[in-house]
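K.L.:
Let me see the structure of the following:
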Amino acid sequence: MSASIHLDKIHLDLPIFDVSAQSLKKRVLSVGRRNRIAEDNTGVVIVRAIDDLSLELRSGDRLGLVGQNGAGKSTLLRVIAGIYPPSAGTVRVVGKAVPLLDITLGMDEQSTGRQNIRLRGLLLGMSDREIRRKAEEIAEFTELGDYLDLPLRTYSNGMRVRLAFAVSTAVDAQILLLDEVLGVGDAGFQEKANQRLRDLHNRSEIVVLAIHSNKVIRETCNKVLWMEKGRVRMCGGVDAVLDAYQEAIGATA
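P.N.:
Residues are numbered from 1 along each chain as shown. Got it, this is the predicted structure:
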């Protein structure tokens, strides 16, 4: 069955339990439930992260998400991935969705690089057989050599990211959810990483990409969703939406 994503009138309210700033509390008390920040009956601060959002994607779609920081792009990816269940509305996702949102998630400091290939692979939904089949290719791609037999705690941050990137991009996904493109090394390795990412895009039926690069969106996407304060400001063809977005924020491509 072909992959598809269908969101119908999605709302997502996130409770903030550790708000202590009185200035925010005063603001909360002065607004109503139609605003993005409010207070429920128990006094817990509620932020409306997604507000009445509908979206439909089919096999072959490449959607770029744009908007200022805090617009709700990363939150939307988490809703599609099933990490955040909506407060209202329906989410229907057909196909294996793989979220590359926090690529180091699930990696263990005390385990070796090779052991972490398995741990991260399992978290991404790979089978043991698939991990064994891909392990050497992943190891070779990292260029970490003998370090793969050492505990992760001995790695630099750059080495960790290389390992996590190599495992994450080895997955076979029908639906790829990607939050930003990573810097994973020097110029030579970065080009190698970019090619690997392009290959992953090509293997996926649907790609949803949140990134602060209009150039990448123009090169890889056929649709753009412009988000503002958790709502859809505009959705449509790449050039039309990006041109309107750039004009609104005074940016250039």
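
K.L.:
in this structure, which spans are strands?
P.N.:
Assigned by DSSP state E, the strands in the chain fall at 4-16, 37-39, 45-58, 62-66, 88-94, 97-100, 175-179, 206-210, 223-228, 231-236.

K.L.:
JSON lines for these, including distance to residue 154, mean pLDDT and mean neighbour count?
P.N.:
Where C-beta positions appear, they are placed from N, C-alpha and C, glycine not excepted. Formatted as JSON lines, these follow (distance: least, C-beta to C-beta, whole Å; pLDDT from 0 to 100; neighbours: other C-beta atoms under 10 Å):
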{"stretch": "strand 4-16", "distance to residue 154": "37", "mean pLDDT": "93", "mean neighbour count": "16"}
{"stretch": "strand 37-39", "distance to residue 154": "44", "mean pLDDT": "57", "mean neighbour count": "16"}
{"stretch": "strand 45-58", "distance to residue 154": "38", "mean pLDDT": "93", "mean neighbour count": "18"}
{"stretch": "strand 62-66", "distance to residue 154": "36", "mean pLDDT": "96", "mean neighbour count": "23"}
{"stretch": "strand 88-94", "distance to residue 154": "39", "mean pLDDT": "96", "mean neighbour count": "15"}
{"stretch": "strand 97-100", "distance to residue 154": "25", "mean pLDDT": "88", "mean neighbour count": "22"}
{"stretch": "strand 175-179", "distance to residue 154": "28", "mean pLDDT": "92", "mean neighbour count": "24"}
{"stretch": "strand 206-210", "distance to residue 154": "32", "mean pLDDT": "95", "mean neighbour count": "25"}
{"stretch": "strand 223-228", "distance to residue 154": "40", "mean pLDDT": "96", "mean neighbour count": "21"}
{"stretch": "strand 231-236", "distance to residue 154": "46", "mean pLDDT": "96", "mean neighbour count": "16"}
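
K.L.:
For those, give me a markdown table that also has distance to residue 196.
P.N.:
Output for the strands of the chain, formatted as a markdown table (distance: least, C-beta to C-beta, whole Å):
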| stretch | distance to residue 196 |
| --- | --- |
| strand 4-16 | 24 |
| strand 37-39 | 40 |
| strand 45-58 | 23 |
| strand 62-66 | 17 |
| strand 88-94 | 25 |
| strand 97-100 | 12 |
| strand 175-179 | 13 |
| strand 206-210 | 14 |
| strand 223-228 | 24 |
| strand 231-236 | 29 |
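
K.L.:
What segments of the chain are helices?
P.N.:
Applying DSSP state H to the chain gives helices spanning 22-29, 73-81, 113-123, 128-142, 157-168, 187-203, 214-220, 238-249.

K.L.:
and of the strands of the chain, who's closest to residue 156?
P.N.:
strand 97-100 (21.2 Å; C-beta to C-beta).

K.L.:
low pLDDT regions in this protein?
P.N.:
Low-confidence segments of the chain (pLDDT under 70): 17-43, 181-186, 251-253.

K.L.:
Show me the domain layout of it.
P.N.:
4-95+210-249, 104-173+188-198 (automatic domain parsing).
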